[in-house]
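Trainee: Quick one: sequence plus predicted model below, questions after.
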Amino acid sequence: MFFLWYLLIGLLSGWIANMIVRGGGAGLVANLIVGLIGGLLGGWIFSWFGIIAVGTVGSILTSVAGAVILLWIAAVIRPDRGR
């Protein structure tokens, strides 16, 4: 059951991060991957500052923050060509 919950949080946070960075969704699978990796990245970065996510809202905020950072890094590494 927790695995399904992590997938739903990852999907939601990936979608929110894509809305913040690009202004639109990138598709179901891409949002899920960005959200899950963003959750790991956000948790890792927040742990540097001693911040621990508590509850569902904390998990979503951490995952969104990590996903936004991930999308910014991806934009720097591979800028859009012709867009």
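Mentor: Perfect, thanks for sending it.
Trainee: in the lowest-mean-pLDDT helix or strand in the chain, what's buried?
Mentor: Lowest by mean pLDDT, DSSP states H and E among the helices and strands of the chain is helix 2-21, with a mean of 88. Residues 9-18, 21 are the ones in helix 2-21 that count as buried (16 or more other CB atoms under 10 Å). In short, each C-beta sits where N, CA and C put it, glycine included.
Trainee: Verify the stated contact: G35 with G10.
Mentor: Yes - applying CB atoms under 8 Å, one finds G35 in contact with G10, separated by 3.5 Å.
Trainee: what residues are shared contacts of those two?
Mentor: Counting by CB atoms under 8 Å, 6 or more residues apart in numbering, the common neighbours of G35 and G10 are S63.
Trainee: which helices and strands does the helix or strand following the least confident helix or strand of the chain pack with?
Mentor: With elements assigned by DSSP states H and E, the helix or strand that comes after helix 2-21 is helix 28-48. Packed against helix 28-48 by the contact rule (3 or more CB pairs under 8 Å, 6 or more residues apart in numbering; DSSP states H and E) you find helix 2-21, helix 55-77.
Trainee: As TSV, those helices with distance to V29 would be great.
Mentor: TSV is the format used below for the helices and strands packed on helix 28-48 (distance: least, CB to CB, whole Å):
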stretch	distance to V29
helix 2-21	9
helix 55-77	14
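Trainee: What distance do you get for A74 to I9?
Mentor: Look at A74 and I9: by CB to CB, to the nearest Å, they are 20 Å apart.
Trainee: Fine by me, thanks again.
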